[in-house]
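Peer 1: predicted model, plus sequence, below.
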Amino acid sequence: MSTLEQDIAALLTKVQKARPLVHNMTNVVVTNFTANGLLALGASPVMAYAREEVADMAKVAGALVLNIGTLSTEQVDAMIIAGKSANLHGVPVLLDPVGVGATRLRTESAQRILREVKISLIRGNASEVANLVGEVSDIKGVDAAESSAGANAEIALRAARQFNAIVAITGKEDVIADGVHYRVISGGDVLLTQVTGAGCLLTSVLGAFAAVERDMMLAGTAGLAYYGAAAARAAERTASLGPGSFQVAFLDELAKLHPHSVKGYAAIAEPNSKAAGGESR
């Protein structure tokens, strides 16, 4: 087992033992699925949105996840309050820029969060991240056309440098970058695209790993690998059934994850680096 594989295995054990509190300021479509997914993984979810309490909740959480899926200006104001509190108390903040590029409000809201809050990790699809860095990319709702891992790596590297954060672009293959190095994680299954909130839950799962590991590149890599492995295992079990059965099986597989679950179900490649690991953010 390589050093990276050992580090990733140790992180899952750490999440399951620590049961980190993940504060989710997420969209109304995905709250139940997100909470159940985090519970299955072994983390402790909380959803808190009121301006009057988000600062207090964020400072005691292991990670704060900001998801602009069903946004309003009031919600963004609350996210800024929570984000600043998290920054003050050393709590990592993750941003899921859902639908950025689809409307002016979404793009400006994400840009405001990035200006006012130190973000540790950004996770989105290729179009969302491209629009964040100022590249016009077609987007319909929260969906985006697939692009190659190489093209996504270039976008992720650019975004990581621009925002001084780890950036994960997810799709057929996932890419995670620290501005210098990147990794490609293969796994998962196309059925994930037929489950509402699969990407949003993934960001929160990355939050659980970020809560127990200061190296955001390592935390993100581990979260992507285990999430992909759980999806691949669930798809294997429900191949002839459909997305409803897959969703339930996926939660089951998150609950059954063990340190060696990645083997045979997800793979990690480092095309531009001979060394494992990246910068800690």
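Peer 2: Thanks, I have the structure now. Just so it is clear, the model here is predicted, and its values are computed rather than measured.

Peer 1: residue 269 against residue 184, yeah?
Peer 2: Yes: when contacts are counted by CB atoms under 8 Å, residue 269 is listed as touching residue 184 (4.7 Å). Every residue, glycine included, has its C-beta placed from N, CA and C.

Peer 1: against residue 52, how distant is residue 3?
Peer 2: Relative to residue 52, residue 3 is positioned 46 Å away (CB to CB, to the nearest Å).

Peer 1: cool, residue 33 as well?
Peer 2: 27 Å.

Peer 1: and residue 219, by the same measure?
Peer 2: Counting by CB to CB, the gap from residue 219 to residue 52 is 30 Å.

Peer 1: look at those two and report which has more neighbours.
Peer 2: Neighbours per residue (other CB atoms under 10 Å) separate residue 219 from residue 52, with residue 219 holding more: 31 against 9.

Peer 1: which strands and helices sit next to the strand or helix carrying that one?
Peer 2: Counting by DSSP states H and E, the element that carries residue 219 is helix 216-237. Contact analysis of helix 216-237 by 3 or more CB pairs under 8 Å, 6 or more residues apart in numbering; DSSP states H and E lists helix 3-18, strand 121-124, strand 166-169, strand 173-177, strand 182-186, helix 198-210, helix 243-256 as its packing neighbours.

Peer 1: quick revisit: so residue 269 and residue 184 - more neighbours on which side?
Peer 2: Counted by other CB under 10 Å, residue 269 and residue 184 do not tie: residue 184 has more neighbours, with 20 against 13.

Peer 1: so that one is in contact with residue 271, correct?
Peer 2: Yes: judged on CB under 8 Å, residue 184 makes contact with residue 271 at a distance of 6.4 Å.

Peer 1: could the helices and strands packed on helix 216-237 go into a markdown table alongside distance to residue 80 and mean pLDDT?
Peer 2: Below are these laid out as a markdown table (distance: least, CB to CB, whole Å; pLDDT from 0 to 100):
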| stretch | distance to residue 80 | mean pLDDT |
| --- | --- | --- |
| helix 3-18 | 28 | 95 |
| strand 121-124 | 16 | 98 |
| strand 166-169 | 21 | 98 |
| strand 173-177 | 26 | 96 |
| strand 182-186 | 29 | 96 |
| helix 198-210 | 18 | 98 |
| helix 243-256 | 31 | 97 |
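
Peer 1: do you know which of those lies nearest residue 133?
Peer 2: Set against residue 133 and scored by CB to CB, the helices and strands packed on helix 216-237 come closest in strand 166-169, at 9.3 Å.

Peer 1: need the contact partners of the closest one.
Peer 2: Under the criterion CB atoms under 8 Å, 6 or more residues apart in numbering, residues 120-126, 129, 152, 155-157, 159-160, 174-178, 206, 216-217, 220, 224, 278, 281 lie in contact with strand 166-169.

Peer 1: okay, and for this structure, where does confidence drop off?
Peer 2: 1, 136-147, 273-281 (pLDDT under 70).

Peer 1: work out which residue lies at the spatial centre of it.
Peer 2: residue 203 (2.4 Å; CA atoms, centre = their mean).

Peer 1: that one: what's it in contact with?
Peer 2: 65, 67, 94, 96, 123.

Peer 1: JSON lines please, covering those residues and showing distance to residue 134 and neighbour count.
Peer 2: Formatted as JSON lines, the contacts of residue 203 follow (distance: CB to CB, whole Å; neighbours: other CB atoms under 10 Å):
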{"residue": "65", "distance to residue 134": "24", "neighbour count": "31"}
{"residue": "67", "distance to residue 134": "22", "neighbour count": "27"}
{"residue": "94", "distance to residue 134": "21", "neighbour count": "30"}
{"residue": "96", "distance to residue 134": "19", "neighbour count": "30"}
{"residue": "123", "distance to residue 134": "19", "neighbour count": "30"}
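
Peer 1: that concludes my questions; thank you for your assistance.
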